[in-house]
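generate a structure from the sequence data that follows.
(2 chains)
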Amino acid sequence: SQQGEEDPQALSIQEGENATMNCSYKTSINNLQWYRQNSGRGLVHLILIRSNEREKHSGRLRVTLDTSKKSSSLLITASRAADTASYFCATWQYGNKLVFGAGTILRVKS
Amino acid sequence: DTGVSQDPRHKITKRGQNVTFRCDPISEHNRLYWYRQTLGQGPEFLTYFQNEAQLEKSRLLSDRFSAERPKGSFSTLEIQRTEQGDSAMYLCASSLALAGGPETQYFGPGTRLLVL
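Purely as a prediction, here's the structure:
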């Protein structure tokens, strides 16, 4: 079964706008990761945040983690048409496995 | 570094037939994972190997499923007596696991299976 839930399920924005996706999970984690999936490149790792970190940046990506609320958010700034994809959060569970949410479908209109 | 490759990319089979998928990981990676993904859902963990040892299997992996990684390099996933419910994308990922450190998994393009 899926570990967490992404919110919203789908998001449509104009190029240049910011996109925010949220993820909630259920159990204690070691780290949380965000992945992007599109038909052209498959599933690609974007960013990892450890359980003792609260915020992390990578280029146009900003990830936050609130372990007390068991939630994370991914912000993509100045979105581009090429950002159109499905975005998944995944929690690293003890036992060495990633547990993915159901994903957010992002569409960036040019 | 050519990335993770999977073969075939697509497979159509009739119910009851056996199918086998292959995954070639990034060469220096010691861990290899198999996932299944159905439409509208995220990938679900099936099993993983550390070198040639299969260390964990999900309850999703019924007796009809078997995975091997005989020499700690490539891996195969076999599904026997396929059922329509097996239709999904099968993803392989590999990683370099270092003691105490977080690991990033690198995914292949997947094998899309359709059981008629």
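
what's the closest non-adjacent residue to B:R22?
Setting aside the residues directly before and after it, B:R22 is nearest to B:D7 in space (Cβ to Cβ, 6 or more residues apart in numbering or on different chains), at 4.8 Å. Where C-beta positions appear, they are placed from N, C-alpha and C, glycine not excepted.

tally of neighbours for the residue of chain A at minimum distance from chain B?
Sorted by distance to chain B under Cβ to the nearest Cβ, the residues of chain A start with A:F100, at 3.1 Å. By other Cβ atoms under 10 Å in any protein chain shown, 25 other residues sit near A:F100.

for the residue nearest to it when sequence neighbours are not counted, list the residues it contacts.
Excluding its sequence neighbours, the residue lying closest to A:F100 (Cβ to Cβ, 6+ apart) is B:G42, at 3.1 Å. Applying Cβ atoms under 8 Å, 6 or more residues apart in numbering or on different chains to B:G42 gives the contacts A:Q2, A:F88, A:A90, A:F100, A:G101, A:A102, A:G103.

if you set the cut-off to 10 Å instead, what comes out?
When contacts are counted by Cβ atoms under 10 Å, 6 or more residues apart in numbering or on different chains, B:G42 touches A:2-4, A:6, A:35, A:37, A:43, A:86, A:88-90, A:98-103, B:35.

now A:N22
Contacts of A:N22 (Cβ under 10 Å, 6+ apart): A:4-8, A:64, A:71-74, A:89, A:101, A:104.

where's it, which helix or strand?
Using DSSP states H and E, A:N22 sits in strand A:19-24.

and that strand, how far from the chain's centre?
With Cα atoms, centre = their mean, to the nearest Å as the basis, strand A:19-24 stands 6 Å off its chain's centre.

got the CA coordinates for it in CSV?
This file holds the C-alpha atoms of strand A:19-24, laid out as CSV (Å, rounded to 0.1, in the frame of the first residue of the first chain):
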residue,chain,number,x,y,z
ALA,A,19,4.0,25.3,-8.1
THR,A,20,3.6,23.9,-4.6
MET,A,21,3.0,20.2,-3.9
ASN,A,22,2.4,18.7,-0.5
CYS,A,23,3.1,15.2,0.8
SER,A,24,1.9,13.6,4.0
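
got the buried residues for it?
By 16 or more other Cβ atoms under 10 Å in any protein chain shown, the buried positions in strand A:19-24 come out as A:A19, A:T20, A:M21, A:N22, A:C23, A:S24.

helices or strands next to the next helix or strand after it in the packing?
Note on strand A:19-24: by DSSP H and E, the next helix or strand toward the C-terminus is strand A:31-38. Contact partners of strand A:31-38 among helices and strands, from 3 or more Cβ pairs under 10 Å, 6 or more residues apart in numbering or on different chains; DSSP states H and E: strand A:19-24, strand A:42-50, strand A:55-58, strand A:61-66, strand A:71-76, strand A:85-93, strand A:97-100, strand A:104-109.

go again with 6 Å.
strand A:42-50, strand A:85-93 (3 or more Cβ pairs under 6 Å, 6 or more residues apart in numbering or on different chains; DSSP states H and E).
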